[in-house]
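> quick one: sequence and predicted model below, then my questions.
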Amino acid sequence: MVGPGRALSLRRNPPAAYPSPGMTASAITNAMTIDVEDYFQVSAMAPYIRRNEWDTRECRVERNVERILMLLGRHGTRATFFTLGWVARRYPQLVRGIVAQGHELASHGYGHQRASDLGREDFTEDIVRAKKLLEDIGGVAVQGYRAPSFSIGKGNLWAFDCLQATGHRYSSSLYPIQHDHYGMPDAPRFAHAVGEGLVEIPITTLRLGGRNWPSSGGGYFRLLPYALSRWMIGRVNAVDRQSAIFYFHPWEIDPAQPRVAGIDLKTRFRHHVNIDRMERRLDPLLRDFRWGRMDEIFLGSPDPIRSRLAARGVPVLSAP
């Protein structure tokens, strides 16, 4: 095992993943990902909506995912859907529809509990429950996992051991930025091995002025002008020669969603800013870049990251 200090020792020179060095920016395929959860399940809403109230809330995730599937279909884009087990249990046909249209089905855990709030046993129970349910409904192997709110970090790198032991092949749970709810700014920015047969594929950041800047979706994509987001993704492709990982949520294309009473101004702003423009911004994004599924980009050949690391003599990162 490699301790957290050594695990971060490669951050200044992270191992190369995809694409290959000879690729041009226009030839790079980026990963389009959707975190399938409803508006009332967002971590920032937890102080205002108790978990035992979820069943009483108006669910809008089904109709919103259907709109996303139509949008992706118009552009001929295949994506990865990190899906909550809670959602899958209530809307099994939604899960089957994702798979039927050629998208990757991946796990977002069962009940949107932050990995950093769970111990090893409870975390393992959550990811096993979600993986089994998704596989039973979707009829496909679930290889990928994304922690709710990117909640794997320095304090719980052991989570990678749990993911490896439960048959996952990759995680997309680190966000190498500084944020009040999540983030591990000194983590490697691009795909890297975190265990035997397990790859971590962080959310994409732009390195500029000695720090990492968020450049890959969510509220930042809604807040910033589209031209700036396009420039940042293009720069990652052209300068870093890496695939970008873009993410968003079904509730982000739903300006008609119910307003949650009593939330603080910062949470209200982050949740609702430019939400009425999100769907219109996704259209040019899907036109301006090449997009694909996480598994096809990063697992296109047997353990591609590990093979590249081994060829360069780079040690495998692991949890303590």
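Great, that's in hand. Computed from a predicted model, the values in this text were never measured in an experiment.

> and the strands in the stretch 51-200 of the chain?
If DSSP state E, counting those that start in this stretch is used as the criterion, the strands of the stretch 51-200 of the chain fall at 80-83, 104-107, 144-145, 170-171, 192-195, 198-200.

> mean pLDDT for those strands: which is lowest?
Lowest mean pLDDT within those: strand 192-195, at a mean of 94.

> how far away from the center of its chain is that strand?
16 Å (Cα atoms, centre = their mean, to the nearest Å).

> ok, stretch 217-237 next?
That offset, for stretch 217-237, works out to 16 Å (Cα atoms, centre = their mean).

> average pLDDT across it?
Taken as a whole, stretch 217-237 has a mean pLDDT of 93.

> in CSV: the strands of the stretch 51-200 of the chain, plus mean neighbour count and distance to Gly219.
For the C-beta atoms, the positions are set from N, CA and C on the backbone; glycine is no exception. Converted to CSV, the strands of the stretch 51-200 of the chain look like this (neighbours: other Cβ atoms under 10 Å; distance: least, Cβ to Cβ, whole Å):
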stretch, mean neighbour count, distance to Gly219
strand 80-83, 28, 17
strand 104-107, 28, 21
strand 144-145, 26, 22
strand 170-171, 24, 22
strand 192-195, 25, 26
strand 198-200, 25, 22
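
> right, so of these, which gets closest to Ala227?
Closest approach to Ala227 among the strands of the stretch 51-200 of the chain (Cβ to Cβ): strand 80-83, 25.9 Å.

> in its sheet, what does the closest one sit against?
Next to strand 80-83 in the sheet, as set by DSSP bridges, lie strand 29-36 (parallel), strand 104-107 (parallel).

> these: which one's closest to Ile275?
Taking the strands paired with strand 80-83 one by one with Cβ to Cβ, strand 29-36 is closest: 15.3 Å.

> tell me how far that closest one lies from the chain's centre.
Using Cα atoms, centre = their mean, the offset of strand 29-36 from its chain centre is 7 Å.
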